[in-house]
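Return atomic coordinates for the entry below.
(4 chains)
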2 protein chains.
Amino acid sequence: MDPLETRELRYFVAVAEELHFSRAAERLGIAQPPLSRAIQQLERRLGVTLLERDRRGVTLTSAGQLLLGEARAILDAAAAAARRTRRAASGTKRLILATKAGANHELLRKLLDAHAAEPDATEIEVLLCGMGDQARMLRDGRADVALMQRPFDALAGLDTEDLLTEQQVAILPAGHPLAARTSLTMADLAAVPDLPVARWPRHDGSYEPGPGPEIHDQAQLAQLIALGRTVAVLCASSRSWLWDAHTAVPLADAPHVTTVLAWPPHSRSRDVAGLVRTAARL
Amino acid sequence: MDPLETRELRYFVAVAEELHFSRAAERLGIAQPPLSRAIQQLERRLGVTLLERDRRGVTLTSAGQLLLGEARAILDAAAAAARRTRRAASGTKRLILATKAGANHELLRKLLDAHAAEPDATEIEVLLCGMGDQARMLRDGRADVALMQRPFDALAGLDTEDLLTEQQVAILPAGHPLAARTSLTMADLAAVPDLPVARWPRHDGSYEPGPGPEIHDQAQLAQLIALGRTVAVLCASSRSWLWDAHTAVPLADAPHVTTVLAWPPHSRSRDVAGLVRTAARL
DNA sequence: CTGCGGTGATACCGACCAGGTATGACAGCG
DNA sequence: CGCTGTCATACCTGGTCGGTATCACCGCAG
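This next block holds a predicted model:
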């Protein structure tokens, strides 16, 4: 009946992540008994057992797993609300745009130029972040809009406007035999055992097993390719940051990549709306 | 610093909506002084003035307007989390699908049949609701998935899968001169002063001004058309509930309508995912 | 079998704060 | 000039949040 308090959700998330009351309490900066009590109270109010207290540790029930996801989203939203409200009040009329470092050079430049040409252009601050960080930046209020790529990035829960769809290309060491070709297929790449395809982190930060190197950032990738140690599959606009030692070859059968402008669904601020309108005119 | 509590947000939303402390306090079931104090405390903790206390009433600052939207979303999410958690624990493996009463007969039947034919089909409960209620049902956890229509419904913050795109038709009284035509344009409709176009409620429940009648539900609309008092523009599948006294005529220049399956972004439950997969195969 | 270490739960207590009542300050208005 | 209605302030009370001490329980080593 009475709604969940964010304090309870914070506590629950801590316990659900640590699966250990004492450690969770330490992380929260409180003692263990109040934490036990708070969780019990939460369970009583919901009328649901969230945790199975097996001697030695704790496991989540299925209801608990569901609540964990919801609670994380709610806490993110609450933190975001506070940040955005403070930013709105501080008077600095500035939009923060998050983008993958190094990606979409051309598009970003065009977008910024077009926006600056608008009559009442609000200043845009560009926030470069790592791989899949844009979604988190949007969700917790550190950014207002983001350039993201479908199908690579997790766009769930975000509003988007498609900007540009492009082919993918293989980035090869310049001297490699395949680099002379004008077009390749995924099968061609897989058939070259001396050049394993680089592995990107998944949304949860883990890597799927495979022979290629684990990629953390673009600089590392660029160097590995230049050294002839790996090959990467990227969207065509990545050409803008290639080295002389790199060659880009179009991939005929790789899925197309769409770069989108994304923003959190409830931030229908005039500034974001204006930028989206500008972007829609490409 | 320390995160917003949902209690504070509830209080703030009440005041922001009523623009009146005493009325808001009454609505919340508490006295006015504690409310004043709670709001002051919220403002102090955020370091932001949310309300401009002009003698006689209260107005929202721009920061306050922003927080109002965010707070509503957070409270919805919290209520949804509680509902879903309770439902998950109650063991009833049942999906609740919300749809506009009367719309999408054919599509809904096909979807339900296809789902029932799946090997491990979870039972689906169909929840018929009024005009734009599906989004709220999804957001506050009363429904798991919904059939909605673009561009009519507010899909912000929901994940969607396109199901069916169709033309719109004009629904006319059977005896009307225009009913004999095989195709119409929006201009044709606007040029008939004796048959004003029905007005649907906007997302906020208000109506834009105009000569046509204000529509609350489909039965009312059907009767008004049959009586020759108005004409409506609907998607082609609405033909399934037409009366003998109605005639549907295709509209050449009206925007197409896409019916989509929508679900809240964080409910990646296996059941919802299964239904989406079934739906994607049309 | 019996301590020992480690789990979460319980008992109890103090301090804080949410909530109530009474009242104040201030503006509009008859 | 009161009267009314606004929100803010002052003060009190009770619930509850958090802390310390302890219990109940289990696995394990000796």
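
Check which residues of stretch A:31-43 are buried.
A:35-36, A:38-39, A:42-43 (16 or more other C-beta atoms under 10 Å in any protein chain shown). All C-beta spots, glycine's among them, are computed from the backbone N, C-alpha and C.

show me what contacts the most centrally placed residue in chain A?
The structure's chain A has its C-alpha centroid closest to A:Gly132; by C-alpha atoms, centre = their mean the separation is 2.7 Å. By C-beta atoms under 8 Å, 6 or more residues apart in numbering or on different chains, the residues touching A:Gly132 are A:153-154, A:201, A:203.

Dump those to CSV, plus pLDDT and distance to A:Gly274.
Listed next are the contacts of A:Gly132 as CSV, based on pLDDT from 0 to 100; distance: C-beta to C-beta, whole Å:
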residue, pLDDT, distance to A:Gly274
A:Asp153, 87, 23
A:Ala154, 84, 26
A:Pro201, 82, 34
A:His203, 75, 30
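
With respect to DNA strand C, which of those is nearest?
Ranking the contacts of A:Gly132 by separation from DNA strand C, with C-beta to the nearest atom of the strand as the measure, puts A:His203 on top at 28.5 Å.

what about the closest one, is that helix, strand or coil?
With DSSP: H, G, I helix; E, B strand; the rest coil as the basis, A:His203 sits in coil.

Count residues in the vicinity of it, would you?
12 (other C-beta atoms under 10 Å in any protein chain shown).

contacting residues around the closest residue to it other than its chain neighbours?
Computed as C-beta to C-beta, 6 or more residues apart in numbering or on different chains, the closest residue to A:His203 that is not its neighbour in sequence is A:Ala154, at 5.1 Å. Applying C-beta under 8 Å, 6+ apart to A:Ala154 gives the contacts A:132, A:135, A:203.

thinking again about what came up before, any idea how far the residue nearest to the centre of chain A lies from A:Met148?
Here the criterion is C-beta to C-beta, to the nearest Å. By it, A:Gly132 lies 9 Å from A:Met148.

Please apply the same query to A:Asp194.
33 Å.

same deal with A:Leu189?
In terms of C-beta to C-beta, A:Leu189 sits 25 Å off from A:Met148.

And A:Leu95, by the same measure?
From A:Leu95 to A:Met148 the distance is 16 Å (C-beta to C-beta).

again with A:Ile171
20 Å.

State the phi and psi torsions of A:Leu155.
phi -100, psi 10 (degrees, to the nearest 10).

pretty sure it is in contact with A:Val260, am I right?
Yes: counting by C-beta atoms under 8 Å, A:Val260 is a contact partner of A:Leu155 at 7.1 Å.

overlap in contacts of these two?
Joint contacts of A:Leu155 and A:Val260 (C-beta under 8 Å, 6+ apart) are A:Met148.

In terms of secondary structure, what does the lengthiest helix in chain A contact?
Counting by DSSP state H, the longest helix found in chain A is helix A:62-89. If you count contacts as 3 or more C-beta pairs under 8 Å, 6 or more residues apart in numbering or on different chains; DSSP states H and E, helix A:62-89 packs onto helix A:6-18, helix A:133-139, helix B:32-46, helix B:62-89.

close to DNA strand C, is it?
No: Helix A:62-89 lies apart from DNA strand C when judged by C-beta under 7 Å from any atom of the strand; the minimum separation is 13.0 Å.

Averaged pLDDT, that helix. What do you get?
Averaging pLDDT along helix A:62-89 gives 91.

and the direction of that helix versus that of helix B:6-18, what angle?
Put simply, helix A:62-89 runs at 50 degrees to helix B:6-18, going by axes from the mean of the first three to the mean of the last three C-alpha atoms, to 10 degrees.

now the angle between helix A:32-46 and helix A:62-89, please.
100 degrees.

Name the residues of helix A:62-89 that are buried.
Neighbour-count burial for helix A:62-89 [16+ other C-beta under 10 Å]: A:63-64, A:66-85, A:87-89.
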